[in-house]
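Peer 1: Below: sequence and its predicted model.
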Amino acid sequence: MYRKSFIKYYTDNNFLFDEAKSEVDFIIQMLFNFTSKDFILGRSLEQWQIDKIEKIIKERVNSRRPIQQIIGSAFFYGRRFFVNEYTLIPRPETEILVSEVLKIIEDINNPKILDIGTGTGCIPITLAIENKNINAHSVDISKEAIEMAEKNALLHNVYEKIKFIESDLFSKIKEKYNVIVSNPPYIPIKDKDSLQYEVKNYDPSLALFANDEEGIEYYQKIITNANKYIFDDGFLCFEIGQNQGKLVSDLLKDNGYRNIKIVKDLNSLDRVIVSQK
Ligand code: GLN
């Protein structure tokens, strides 16, 4: 049983058992579509597959580069997305944001969506797969991120539904939308040293950090400018950091938004905020 020896290699190198186990399963599934069920059913890997996995695990343990970047893919909402060093690795917390937007657009005919800071494109692509009626525009300041998001849209057959635009927030935007959604950079730059090694060294800084004390720079910029880009009664939805619920909700209120709702993540921390114009 090679799975155990892979896990041991991780734990011998100071990884926690649970992390090691889930990462080994992630690698085997990503690369060879093997799940723990396959092992239980007695399927086994071939030698070339074992060699390949070993090589990847060695690189992971030695460099501490996130496994998703080494393999070049991550899972989001149960689907594969290409990632690289220019795109934030999609996080499970962001799935909550997607679920909230899906609920909102259920009642809208042909909803038009704008995603700000699209990264891998995981948000609009998942929305377009889950709701066939949407039409989205997706912006990112990074040309490399836009290229990656386009690749992911092609992979998931929703390229026709989403227009990707290299734009600093609203700078290239001229239309109005039913929903504006964003998972902007929200970690205060002063907290950089407290981040996990992998995040600090390998996730793109451009995707992580806000330059103000409280990490609300991008919420401020988006909320104070969004009005002319949202149809009446349209929605503005964000992922937020665990300490930002009150700050962002006050910003929304001050700018005339109503029906503000904060949604918590699996750890009971504030994670998503939705509001209506
Ligand atoms: N929208 C992308 C995501 O949620 C990227 C977000 C970002 O780079 N801050 O994963």
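Peer 2: That came through fine. Remember, it's a predicted structure, so these values are computed and weren't measured experimentally.
Peer 1: CA atoms only for whichever strand or helix holds Thr94, dumped as CSV, please.
Peer 2: Assigned by DSSP states H and E, Thr94 belongs to helix 92-105. The C-alpha coordinates for helix 92-105 follow below in CSV (Å, rounded to 0.1, in the frame of the first residue of the first chain):
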residue,chain,number,x,y,z
PRO,A,92,-13.4,26.5,-0.3
GLU,A,93,-14.7,29.6,1.5
THR,A,94,-15.2,31.3,-1.9
GLU,A,95,-17.7,28.5,-2.7
ILE,A,96,-20.0,30.1,-0.1
LEU,A,97,-19.9,33.4,-2.1
VAL,A,98,-20.8,31.5,-5.3
SER,A,99,-23.7,29.7,-3.5
GLU,A,100,-25.1,33.0,-2.3
VAL,A,101,-24.9,34.6,-5.8
LEU,A,102,-26.6,31.5,-7.3
LYS,A,103,-29.5,32.0,-4.8
ILE,A,104,-29.8,35.7,-5.7
ILE,A,105,-29.8,35.1,-9.5
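Peer 1: In that helix, which residues are buried?
Peer 2: Neighbour counts over helix 92-105 (16 or more other Cβ atoms under 10 Å) mark 93-98, 100-101, 104-105 as buried. Any C-beta I mention is one placed from the backbone N, CA and C, and that applies to glycine too.
Peer 1: So what angle separates the directions of the helix or strand that it is followed by and helix 92-105?
Peer 2: On the C-terminal side of helix 92-105, the nearest following helix or strand under DSSP H and E is strand 112-116. If you take axes from the mean of the first three to the mean of the last three Cα atoms, to 10 degrees, strand 112-116 sits at 160 degrees to helix 92-105.
Peer 1: Next secondary structure after strand 112-116?
Peer 2: Past strand 112-116, the next helix or strand by DSSP H and E is helix 122-130.
Peer 1: From the rest of the structure, what touches the following helix or strand past that next one?
Peer 2: Where DSSP H and E defines the elements, the next helix or strand beyond helix 122-130 is strand 135-140. Identification of contacts with strand 135-140 by Cβ atoms under 8 Å, 6 or more residues apart in numbering yields 110-119, 121, 123-124, 127-128, 146, 149, 161-167, 169-170, 172-173, 175, 177.
Peer 1: Let's see the PyMOL selection covering just the buried ones among the residues you listed.
Peer 2: Buried residues within these, by 16+ other Cβ under 10 Å, are selected in PyMOL with:
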select buried, resi 111+112+113+114+115+116+117+118+119+121+123+124+127+128+146+149+161+162+164+167+169+170+173+177
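Peer 1: CA atoms of stretch 76-90 as PDB?
Peer 2: C-alpha atoms of stretch 76-90 as PDB (Å, rounded to 0.1, in the frame of the first residue of the first chain):
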ATOM      1  CA  PHE A  76     -13.400  24.400  -6.800                       C
ATOM      2  CA  TYR A  77     -17.000  23.600  -6.400                       C
ATOM      3  CA  GLY A  78     -16.100  20.000  -7.300                       C
ATOM      4  CA  ARG A  79     -14.400  20.900 -10.600                       C
ATOM      5  CA  ARG A  80     -10.900  21.300 -11.800                       C
ATOM      6  CA  PHE A  81      -9.400  24.700 -12.500                       C
ATOM      7  CA  PHE A  82      -5.900  25.500 -13.800                       C
ATOM      8  CA  VAL A  83      -3.800  27.600 -11.500                       C
ATOM      9  CA  ASN A  84      -0.400  29.100 -11.700                       C
ATOM     10  CA  GLU A  85       1.800  31.600  -9.700                       C
ATOM     11  CA  TYR A  86      -0.200  34.500 -11.100                       C
ATOM     12  CA  THR A  87      -3.600  33.300  -9.700                       C
ATOM     13  CA  LEU A  88      -4.900  32.900  -6.200                       C
ATOM     14  CA  ILE A  89      -5.500  29.200  -5.500                       C
ATOM     15  CA  PRO A  90      -9.400  29.000  -5.200                       C
END
